[in-house]
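Colleague: Pasting the sequence and the predicted model now:
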Amino acid sequence: MYQFDKQTQAIIDMYGETLPDIDTVSIGFSGTVSERVTVYSHSISDDCLIFGFGVDLADTATDVLVRVASRSPQYDWMSNDDATPQDTPIGAVAGFSSQILPILPLVKPFFLYANGKLSFSFTNSPTSAVTGGNLTIHRLKLVNPLDGIGYQYGFSPKQKK
């Protein structure tokens, strides 16, 4: 389903097994305009690579905004130098379940340590609010690190030539 660049493949090669994993989280919009909701991905007991996101919202929800942050380690995916950070339209981050590309792949997979979580801060449409909604995260669980540790931030894995 996904093609891996050399760095991603080198990270995968540091583990004995990989298991595809799909995590679905309820957004839970109540239908109030400009409503703010924060949800968290489910943590898993293994390191993982996150490959893409999808949402189950109405096709008209193009003005729903999102801000994504990692909670292990603390890392804001979307930030700028403004006092009030600019959120991102949901369609730039996630595919819509009713569209031709229901899972929008990331440009490069994001590595998340075991038991890590992502937070998603959603802002409902200011004009035509939506209700409910689900967020789907496609990730690859990295199981049984060959060296007992696995990938560590700041260290480049050895890539095969």
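Modeller: The structure has been received and is ready for your questions.
Colleague: Give me the buried positions along the strand or helix carrying Ala10.
Modeller: Here Ala10 sits within helix 6-12, counting by DSSP states H and E. Using 16 or more other CB atoms under 10 Å as the test for burial, helix 6-12 gives Thr8, Ala10, Ile11, Ile12. For every residue, glycine as well, the C-beta is placed using N, CA and C.
Colleague: Next: stretch 99-106.
Modeller: Buried, per 16+ other CB under 10 Å, within stretch 99-106: Ile103, Leu104.
Colleague: Repeat that for stretch 117-134.
Modeller: Buried residues in stretch 117-134 (16+ other CB under 10 Å): Leu118, Phe120, Ser121, Phe122, Thr123, Asn124, Ser125, Ala129, Val130, Gly133.
Colleague: any idea of the mean pLDDT for that stretch?
Modeller: What stretch 117-134 shows for mean pLDDT is 92.
Colleague: could I get that stretch in PDB with only the CA atoms?
Modeller: This file holds the C-alpha atoms of stretch 117-134, laid out as PDB (Å, rounded to 0.1, in the frame of the first residue of the first chain):
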ATOM      1  CA  LYS A 117       0.000   9.500  21.500                       C
ATOM      2  CA  LEU A 118      -1.000  12.100  19.000                       C
ATOM      3  CA  SER A 119      -3.400  14.900  19.900                       C
ATOM      4  CA  PHE A 120      -5.800  16.300  17.400                       C
ATOM      5  CA  SER A 121      -7.400  19.700  18.200                       C
ATOM      6  CA  PHE A 122     -10.300  20.200  15.800                       C
ATOM      7  CA  THR A 123     -12.300  23.400  15.200                       C
ATOM      8  CA  ASN A 124     -15.800  22.900  13.700                       C
ATOM      9  CA  SER A 125     -16.900  24.900  10.700                       C
ATOM     10  CA  PRO A 126     -17.800  28.500  11.500                       C
ATOM     11  CA  THR A 127     -20.600  28.500   9.000                       C
ATOM     12  CA  SER A 128     -22.100  25.000   8.600                       C
ATOM     13  CA  ALA A 129     -21.200  22.900  11.600                       C
ATOM     14  CA  VAL A 130     -20.900  19.100  11.300                       C
ATOM     15  CA  THR A 131     -21.800  16.500  13.900                       C
ATOM     16  CA  GLY A 132     -20.100  13.300  15.000                       C
ATOM     17  CA  GLY A 133     -17.100  12.300  12.900                       C
ATOM     18  CA  ASN A 134     -14.400   9.700  13.200                       C
END
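Colleague: chain center to it: distance?
Modeller: 15 Å (CA atoms, centre = their mean, to the nearest Å).
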